[in-house]
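predicted structure and sequence below. I'll ask about it afterward.
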Amino acid sequence: MPILSILLAGALLCAVAGYLFSFRPTPVYAYLSENVTPAPQPSPMIAEGMININSASLEELIALPGIGETTARAILGLRLELGTFRIKEDLLLVKGIGEKKLEAIRELIYIR
């Protein structure tokens, strides 16, 4: 019987220790290998008023010239499908955005 009590106490101790130590956050650098470079940071020269099309809200997209609510919703829908836009030209996949409209907003958007 004493051996069973010792085993149960040990199991309980292991469970408590596992619970206590399981909440420590893993440092970000633990996920990086030597071959992985960090994502590039946006240039500090990005002018105020530019819009990141990968995080812009509906209202921010509507503020772009030539982009109405319907087109802004189409941008958000495509962003959900793609995950993120990789290049500005990905906006050409949005119904309602052609070469001319993209050129009109090209200098007002960025991708991060």
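Here it is on my side, so go on.

tell me the secondary structure for residue 105?
Of the three states, residue 105 takes helix according to DSSP: H, G, I helix; E, B strand; the rest coil.

can I see the domain layout of the chain?
2-31, 51-110 (automatic domain parsing).

low-confidence ranges, this protein, go.
Residue ranges of the chain with pLDDT under 70: 1, 8, 12-48.

quick revisit: any chance of the domains of the chain in TSV, plus mean neighbour count?
All C-beta spots, glycine's among them, are computed from the backbone N, C-alpha and C. TSV is the format used below for these (neighbours: other Cβ atoms under 10 Å):
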stretch	mean neighbour count
domain 2-31	9
domain 51-110	15
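
what's the burial count for the nearest residue to residue 110 once chain neighbours are set aside?
Excluding its sequence neighbours, the residue lying closest to residue 110 (Cβ to Cβ, 6 or more residues apart in numbering) is residue 50, at 5.4 Å. Residue 50: 12 surrounding residues under other Cβ atoms under 10 Å.

my read: residue 50 touches residue 109, true?
Yes. Using Cβ atoms under 8 Å, residue 50 is in contact with residue 109, at 6.5 Å.

surely residue 112 and residue 51 touch.
No. Contact criterion Cβ under 8 Å: residue 112 and residue 51 do not qualify, at 10.5 Å.

now the strands for this protein?
51-52, 109-110 (DSSP state E).

give me the sheet partners of the last one and which way each runs.
Going back to what we said before, that points to strand 109-110. strand 51-52 (parallel) (DSSP bridges).

list of residues touching the strand it pairs with?
Outside strand 51-52, the residues that touch it by Cβ atoms under 8 Å, 6 or more residues apart in numbering are 42, 60, 61, 63, 64, 108, 109, 110, 111, 112.

how about CSV for those residues, with distance to residue 98 added?
Listed next are the contacts of strand 51-52 as CSV, based on distance: Cβ to Cβ, whole Å:
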residue, distance to residue 98
42, 27
60, 21
61, 16
63, 20
64, 14
108, 16
109, 15
110, 20
111, 19
112, 24
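
for those, which one is nearest residue 5?
Nearest to residue 5 among these is residue 112, at 58.7 Å by Cβ to Cβ.

what number of residues lie near that closest one?
14.

gap between it and residue 76?
According to Cβ to Cβ, to the nearest Å, residue 112 stands 16 Å off from residue 76.
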